[in-house]
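J.: model the structure of this input:
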Amino acid sequence: MEGIQERSSRFESVVAFLDSAGKTHLFTGAVDGAISSEIRGLRWGFDPIFIPHGANQTYAEMGVEAKQRVSHRSIAFEKFATWIMERCRSG
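T.: This is a model prediction of the structure:
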């Protein structure tokens, strides 16, 4: 991306659950951010280059706990967990 000024990005994850009736339920998590102009931090995948909006660190620089609070995967799983807990309570 050398020379590219527009570095906006978005990462999404989807958790899919197939219920006993054969219906699929989808739970999406998304995080908007930007691609860093340099690799920052040591991790795997896009962690060293993705900076979520509102942060000044890449996912790799944040550390695991801080990243999990703003992760697109965490958002998707939190939506799924909320849905399944409500479903369990209502029978």
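J.: now the biggest helix by length in the chain: buried residues?
T.: For the chain, the longest helix by residue count, based on DSSP state H, is helix 72-90. Of the residues in helix 72-90, 72-73, 75-77, 79-80 count as buried by neighbour count, 16 or more other C-beta atoms under 10 Å. Any C-beta I mention is one placed from the backbone N, CA and C, and that applies to glycine too.
J.: per-residue confidence averaged over it?
T.: Mean pLDDT, helix 72-90: 93.
J.: how about stretch 9-21?
T.: Taken as a whole, stretch 9-21 has a mean pLDDT of 96.
J.: sec struct for residue 33, please.
T.: Classification of residue 33 using DSSP: H, G, I helix; E, B strand; the rest coil returns strand.
J.: check the one 5 residues further on too.
T.: Per three-state DSSP, the secondary structure class of residue 38 is coil.
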